[in-house]
Structure formats: structure tokens, C-alpha cells
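Enquirer: quick one, fold the following:
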Amino acid sequence: MDQEDIPTLLPGQFWAQRMNGSWYIVDTEKLWESQYCEVYAEESQLGRINAVVNAEAKIAGEFDTIYPLITGKFGFPVNIFGNPKIIIILLDIQDGWNGWGSYVAGYFDPQHCLSGPFYRRSNHANMIFIDTYPGLNNNTTMSNLQITLAHELQHLVNFHQSFIIARRGQTDTWINEGLSSAAEYLYKGHITDKINAYKGDNGGDISRGVNFVSWAPSYAQDAFSSYAAVYLFFQWLRIQAGPTAAGDEGIWKTIFQQPSLTGYTNYQGVVNAAQGKGFGASWIEILENWFIANALCDASGIHGYKNDTVIGKLQGSWPSGAFSFGSNTTLYPGEGVYVKLKNVYVQPLNPAFIRYTPYTKETTNDYCLVFNTQATGRTGVNAPLPPSASVSPAGITAAQSLSRNLPAGGEPRPIDRVFRLPEGAR
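Expert: Below you'll find the model as predicted:
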């Protein structure tokens, strides 16, 4: 569409994006204004919102609790275009949700914080988009929606601090999502949906290696798997780093500040923040120790969550049901699988970026962690697996494991979105 073809917005209209990347105009009505936000609602969703008892207090009022909490931990956004308040749009996000699996609960689009010929659909405001279907219904406790407000506010603050203020570009997706999962925890405590999704692994994503570095890869059964994995990784960082004078957010705040402190917006910022904490001096050591922590869940030390009462044992007997896809599998950056050994395993000549770490889960069972040590990129590496005494999980075949191809050159990142499971589907 040429510039002259883009219509001028009328009062109450905003640009929004469908999750396929196309743009459309949302007609809204302004519902409330509070100390830190202005709340607008898509006209077609007014009935759904009005059906919620005390909706203003549960949304605008609660945001006034969330805003000082998150900005106090991480920093403030810039006053964009003269409006110091965050605009919240309540709408039915066009994500193609059909009643199965996770849905897009909200998103932050940085283009609305910018102006000029490259951002012709900018709404010229600090704003976040929050889903109303299925994110809001008459029976909801509002917890999903409120947690999403905290999640998306971190994305907004992160963009301002790293891109606008520090001028370092956007923080890598998985780190940004990890920090938003940290914001959720700081607001509500443990997010059990994510812990249970990792424990249950109902779609088999986790056992197949789906992780967070390549972020919500196309071969995942559900994008929620990456959110579950990065949540646990950032919880492990918090627990291992220990509380500081700044509180639980100590290491998270250090990671958040890396673009300003060192210029790093990638994994090196995590490595820097971990220095001197005792759980890894390099990316490979940190990732390896976290993988083994998920397998062993020791009550103390770096190979566990120090007896966290909510996280507890992640997989119970897993990965005693560890698998093999025959002779090899494809692992993308940051992915790892566990293989139960028949006998002593001699590491082969290493394929590029693949590391093999034997460990013992029980006194009579030996395993080998096989993982891709890369911290960036979207290219898979063929990984020979050790001999295994067990079989593939039900429904997963060798052919499927070897056909996981990501788009060449990666995918554009116009927005930061969050997926959630609907109420009652936990």
C-alpha cells in the first residue's frame, strides 16, 4: 500500500496487527483512565467486557499496581508524543485461535513508539494490546489478563531502555521473553501453568528438545512450550544467584541493564550477569548445568532448584523414559535431549556445536545429555545419539525428528507477543 493510500485514523481508531502480519483498523471506545493508563476497548468486545464484575478495578486499577512495580524493578519508558500514560487496547486479537491449544493473550508492537516514513501505521503512543477472546470471559478470575499486562509492560520498558535510550537495538527475543516471565513472577509469584506445561510435556515438545534460543520454532506442537522453558531457565538463574539487596530481581535486573552497561543485547548479557555466582562462567557451562538441573532436581547445589516448593521435581521419573530417534536427531541452538545409556558411552568426533555430557540420575542408571551449545541462530545440527535402552515417545517417529526445518534467515520480529492456555485448560 502506498503512503497516500493509508487512511487517516478517526478519533477512537487505532492500527493493530493480525498475527499473520497484516494490518487493520480497530474501532474503539474509551472506557477508563487512571493514574498510569488509558483503557480503550474494541467496540465489538464491549459486551464481553461489561459482563465482568468490577472490570475497571480489575484492569485499570490493577495496572496502577503493576506499573510502579515493573518500572521500579527495571526502569521507565520515555514519555512518547506528550502522553505519559500507557494506552491499553482490549480487543479480540486476530490469531486464528480455534479453541485448541494456547492463544495470543497480548502483544507489544514497538512501531507505535516510533514515527517517520518507515512507521506509517504508528499509533504514536506507548501502548499494549490485550486479548478479550478467549482471554476474558464472564467466569474468569482475570489472572491471565492481569499477568499479561505485567508481561507486555516489561516488553515496552525493555524496548525503551535498550532501543530508544541505550540505542543498542532490541534485546534478543528469548532474553526479552525471559525477562517478561520474570515480570510475571514479580507480580504474581510462580506461574504454575508454565511449570506444569514443562512437567507434563503433553505435546512431547520438551522431550524432543524444543527450547527457547530459537524461540517458538515452527516444529513445536505449541508455542507455549518455549514460554514454559524460558520461565524455568530464568527461575533457575534467580534461585542460583540468590537474593540481593535489590531483592529477588537482582540477576534479572542485571540482565535487563546489560544493553546500557555493556552494550550486550544477546546471550553474553546473561553470561556477564552470572559471573561470580558459581553456576557457570560461560554460556556452555550455564546451559549444561541447567539441563542437568532439570534432570536431577537436586535439593541443593547448581543441579536443581534448591527445593523450591512450587517447582519441585520437574519430571519425576523423566528422563528415565529417555528416548532415541535411532542414530541421530536434529538439534537447534540451545536444544538438548537426554539418552539412557545401555553401557559406557564413548563420545564420537563432535559434530559442530554438539556436546555430550554423561551423568547419573540414580545409582543404577546412567544417561547422556546431548545438546547444541549455540546461543544464537536458527540452524539445526545433526547430532548422533548414544545407544539407548528405551524407545521413542508414542506418536514420534525418526522421520519427524529429522524434518524440522526453520525458515532460511529467520523470521522478522515486528511484535513481542505472549501465548497462554485458556482458563480451565491447565
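Enquirer: for the stretch 151-300 of the chain, what spans make up the helices?
Expert: When secondary structure is read from DSSP state H, counting those that start in this stretch, the stretch 151-300 of the chain shows helices at 173-188, 192-200, 224-241, 250-256, 258-261, 267-274, 283-296.
Enquirer: distance of M127 from W15?
Expert: From M127 over to W15 the distance is 10 Å, taken as CB to CB, to the nearest Å. (C-beta placed from N, C-alpha, C; glycine too.)
Enquirer: quick check: neighbours shared by these two?
Expert: With contacts defined as CB atoms under 8 Å, 6 or more residues apart in numbering, the residues adjacent to both M127 and W15 are H112.
Enquirer: these two: who's more crowded?
Expert: Relative neighbour count places M127 above the other of M127 and W15, with 24 against 18, counting by other CB atoms under 10 Å.
Enquirer: neighbours of the closest residue to that one other than its chain neighbours, how many?
Expert: The shortest distance from M127 to any residue that is not its chain neighbour, by CB to CB, 6 or more residues apart in numbering, is 3.9 Å, and that residue is I87. For I87, the count of nearby residues is 21 (other CB under 10 Å).
Enquirer: where does the prediction get shaky in the stretch 101-250 of the chain?
Expert: 138-141, 244-248 (pLDDT under 70).
Enquirer: tell me where the stretch 1-150 of the chain has strands.
Expert: With DSSP state E, counting those that start in this stretch, the ranges of strands along the stretch 1-150 of the chain come out as 13-17, 23-33, 37-42, 86-91, 103-108, 127-131.
Enquirer: can you redo these as TSV with distance to D366?
Expert: Conversion of the strands of the stretch 1-150 of the chain to TSV gives the following (distance: least, CB to CB, whole Å):
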stretch	distance to D366
strand 13-17	49
strand 23-33	55
strand 37-42	55
strand 86-91	52
strand 103-108	41
strand 127-131	46
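Enquirer: and W215, which of those is closest to it?
Expert: With distances scored as CB to CB, the stretch of those nearest to W215 is strand 103-108 (14.4 Å).
Enquirer: C-alpha coordinates for the closest one, CSV please?
Expert: Extracted C-alpha coordinates of strand 103-108, given in CSV (Å, rounded to 0.1, in the frame of the first residue of the first chain):
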residue,chain,number,x,y,z
TYR,A,103,-3.8,-18.3,22.2
VAL,A,104,-2.1,-14.9,21.9
ALA,A,105,-3.0,-13.2,25.2
GLY,A,106,-1.4,-9.9,24.3
TYR,A,107,1.4,-8.2,22.4
PHE,A,108,3.6,-5.1,22.3
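Enquirer: what packs against that strand?
Expert: strand 127-131, helix 143-159, strand 416-420 (3 or more CB pairs under 8 Å, 6 or more residues apart in numbering; DSSP states H and E).
Enquirer: list the contacts of the closest residue to A182 other than its chain neighbours.
Expert: Residue nearest to A182 in three dimensions, not counting chain neighbours: W252, with 4.4 Å by CB to CB, 6+ apart. Taking CB under 8 Å, 6+ apart as the definition of contact, the neighbours of W252 are K73, L179, A182, F234, L237, R238.
Enquirer: what's the closest of those residues to Y367?
Expert: Within the contacts of W252, the smallest distance to Y367 is 23.5 Å, found for L237 (CB to CB).
Enquirer: look up how far F291 lies from that closest one.
Expert: Per CB to CB, L237 is found 14 Å from F291.
Enquirer: do the same with G280
Expert: Using CB to CB, we find G280 at a distance of 11 Å from F291.
Enquirer: of those two, who's got more company?
Expert: With neighbours defined as other CB under 10 Å, G280 and F291 compare such that F291 has more, 24 against 20.
Enquirer: which one of the strands of the stretch 1-150 of the chain lies closest to I195?
Expert: strand 103-108 (17.4 Å).
Enquirer: how far off centre is that closest one?
Expert: The gap between where strand 103-108 is centred and where its chain is centred comes out at 11 Å by CA atoms, centre = their mean, to the nearest Å.
Enquirer: cool, stretch 217-230 as well?
Expert: Stretch 217-230 sits 9 Å away from the centroid of its parent chain (CA atoms, centre = their mean).
Enquirer: now swap in stretch 17-30 and tell me
Expert: 23 Å.
Enquirer: in that stretch, what counts as buried?
Expert: For stretch 17-30, the buried set under the neighbour-count rule, 16 or more other CB atoms under 10 Å, comprises Q17, V26, T28.
Enquirer: contact partners for the closest residue to S143 other than its chain neighbours?
Expert: The spatial neighbour of S143 that comes closest, neighbours along the chain excluded (CB to CB, 6+ apart), is K188 at 7.1 Å. Contact partners of K188, counting by CB under 8 Å, 6+ apart, are S143, Q146, I147, A150.
Enquirer: having no further points to raise, I will conclude here.
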